[in-house]
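Trainee: attaching a predicted model along with its sequence, questions to come.
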Amino acid sequence: MAVSVIAAPSQIDASTSRRQRLLGWVRGDEVGPMLIVVGSLHGNEPSGVGGIEQLLTGLDGDTEAIRGDLVAIAGNLLALEQGCRYQVRDLNRCWTDERITNMRQRAQREGLVAEDREEVELLEMIDEAIAAARGPIFMLDLHSTSSGGSPFGIISDTLKSRDFACHLPVPMVLGLEEELQGTMLSYFGDRGLITLGFESGQHDDPISVDRAEAAVWICLDSAGLLTTGRGPIYQRSQQRLAESARGLPRFLELRHRHEVGEGDGFRMEPDFVNFQRVHTGQLLARDRGGEIRSPVNGRILMPLYQAQGDDGFFIVREFSSFWLRLSRVLRRARFDRIVHWMPGVQRHPREPHTYRVNRHVARWFALEIFHLLGFRRHGVDGDKLKVSRRPFD
Ligand SMILES: [Zn+2]
């Protein structure tokens, strides 16, 4: 079967030294799923685009490798050119309905600059891809971290996302999407795409490029795009990631986030790496307010060793895959339909699939139970916790 390459691997535009946004679109003759891969949504994370370019070069000329569509897109082009995370605003914190509607209107009237323009261009390209899809649509978002350490995946807890992620032999972190507002993956996850974030290692470490490439090969397979004949590179990709994550737990959940405010003077203590164990009371960082010590036992994630960014560090903790299996059973049985039978739990009067939990009544493990059933925390409303069911679970 033939594969037509709609866009060839990206050419760098000599006049601006800027990449094209569409790095490549490989459309198999055979109908199948679509994988949209976005790299370098943060401009100081070149391994995303680098890994995609390596993969497209590797695929080049093999007309039997893909069924469906692989669409590869570069994220923040201007910041990538300048080697900074972003120009004006973080391009991975501004994907909300309100902002997007507003920007689309402004784009028509007065034109846009910096990240607003990047976001509208990305939206248009992704919308175009989605309209051309011939099967289920998967989205992989490639990032890297300022600290070193093992690569890992970030999933929103839907059963389909878990299945998509399960062939990547790296730790999977749950719970980050509830903490981070306006991420691209949350936006497209709410529109029915099956999403996965991948963090490939330290920003400028050459191995991060190889790991990003390996992650795309594995995701091509788990999304059902790879046909046959790519066994050796798939095996090498598995090996590469498994080696870099050796000895680490498979599933971890977020326990704590340290947010950095404007002018905090936040400084991490040196030499922390992803998944390093930390204990309650351990000195992790300093800011204008003094020492910052770990409030819990766990493992540190994404300690901030760069100037830009609002997240000082996260602490995650491993949990047994038993809970994932149990929640699969509960969700298949649609236990979510009877949660309002629980004491202290009411349907939200206006918002569909949303409940209010009276924390004085449903005190014990309320949020944990809702997590098992596929809900996410949606904020606090007085003494009530607001939770809503993820669409498309
Ligand atoms: Zn990033």
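Mentor: On my side now, so go ahead. Numbers count the residues shown, from 1 in each chain.

Trainee: please count neighbours and contacts with C-alpha atoms only from this point.
Mentor: Noted.

Trainee: look up phi and psi at the closest residue to P46 other than its chain neighbours.
Mentor: Across the structure, with C-alpha to C-alpha, 6 or more residues apart in numbering as the measure, the residue nearest P46 apart from its sequence neighbours is S40 (5.7 Å). As for S40, its main-chain torsions (degrees, to the nearest 10) stand at phi 60, psi 40.

Trainee: cool, and Y355?
Mentor: For Y355, the backbone dihedrals (degrees, to the nearest 10) come out as phi -130, psi 150.

Trainee: how is this protein partitioned into domains?
Mentor: Dividing the chain into domains by automatic domain parsing, as the record does, gives the ranges 3-244, 252-318, 331-389.

Trainee: mean neighbour count, these: which tops it?
Mentor: With neighbours taken as mean count of other C-alpha atoms under 10 Å, those reach their highest mean count in domain 3-244, at a mean of 19.

Trainee: wait, does that one contact the ion?
Mentor: Yes - among the residues of domain 3-244, 42, 143 lie within reach of the ion under C-alpha under 5 Å from the ion.

Trainee: could you give me the average pLDDT of that domain?
Mentor: The average pLDDT for domain 3-244 rounds to 89.

Trainee: what's the distance between it and the middle of its chain?
Mentor: Going by C-alpha atoms, centre = their mean, to the nearest Å, the spacing between the C-alpha centre of domain 3-244 and its chain's C-alpha centre is 9 Å.

Trainee: how close does the closest residue to T354 other than its chain neighbours sit to the ion?
Mentor: Distances taken as C-alpha to C-alpha, 6+ apart put S388 closest to T354, at 4.1 Å, once the chain neighbours are dropped. The span separating S388 from the ion equals 26 Å under the rule C-alpha to the ion, to the nearest Å.

Trainee: again, but for H279
Mentor: Taken as C-alpha to the ion, the span from H279 to the ion is 26 Å.

Trainee: try L196
Mentor: The span separating L196 from the ion equals 13 Å under the rule C-alpha to the ion.

Trainee: re the thing from before, L324 is nearest to which of the domains of the chain?
Mentor: Of all the domains of the chain, the one in closest proximity to L324, counting by C-alpha to C-alpha, is domain 331-389 (7.6 Å).

Trainee: ends of the closest one, what's the gap?
Mentor: Start-to-end span of domain 331-389 (C-alpha to C-alpha, to the nearest Å) is 11 Å.

Trainee: give me the mean pLDDT for it.
Mentor: Along domain 331-389, the predicted confidence averages to a pLDDT of 80.

Trainee: what separates that domain from the chain centre, distance-wise?
Mentor: Taking C-alpha atoms, centre = their mean, one finds domain 331-389 lying 25 Å from the centre of the chain it belongs to.

Trainee: and for stretch 322-329?
Mentor: Averaging C-alpha positions (C-alpha atoms, centre = their mean) puts stretch 322-329 22 Å from its chain's average.

Trainee: buried stuff in it?
Mentor: Along stretch 322-329, the positions that meet the burial threshold by neighbour count (16 or more other C-alpha atoms under 10 Å) are 324, 327-328.

Trainee: those residues in helices, which ones?
Mentor: By the criterion of DSSP state H, membership of those in helices covers 324, 327-328.

Trainee: could you dump the buried residues of stretch 322-329 to JSON lines with pLDDT and distance to the ion?
Mentor: Putting these into JSON lines (pLDDT from 0 to 100; distance: C-alpha to the ion, whole Å) gives the following:
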{"residue": "L324", "pLDDT": "83", "distance to the ion": "27"}
{"residue": "S327", "pLDDT": "82", "distance to the ion": "29"}
{"residue": "R328", "pLDDT": "84", "distance to the ion": "30"}
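
Trainee: redo the residues you listed as TSV? Include distance to F152.
Mentor: Compiled in TSV, the buried residues of stretch 322-329 are given as follows (distance: C-alpha to C-alpha, whole Å):
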residue	distance to F152
L324	18
S327	22
R328	22
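
Trainee: thinking again about what came up before, from the contact counts, what lies against the helix or strand containing the residue nearest to T354?
Mentor: Element membership for S388 (DSSP states H and E) is strand 384-389. Identification of packing neighbours for strand 384-389 by 3 or more C-alpha pairs under 8 Å, 6 or more residues apart in numbering; DSSP states H and E yields strand 354-358, strand 375-381.

Trainee: in the sheet, which strands lie alongside the first one, parallel or antiparallel?
Mentor: Note on strand 354-358: by DSSP bridges, its sheet partners are strand 345-347 (antiparallel), strand 384-389 (antiparallel).

Trainee: tell me which of these sits nearest to R134.
Mentor: Ranked by C-alpha to C-alpha, the member of the strands paired with strand 354-358 that lies closest to R134 is strand 384-389, at 27.2 Å.

Trainee: tilt between the closest one and strand 375-381?
Mentor: Angle of strand 384-389 versus strand 375-381, following axes from the mean of the first three to the mean of the last three C-alpha atoms, to 10 degrees, is 150 degrees.

Trainee: which residues sit against strand 384-389?
Mentor: Strand 384-389 is touched from outside by 353-359, 370, 374-380, with contacts defined as C-alpha atoms under 8 Å, 6 or more residues apart in numbering.
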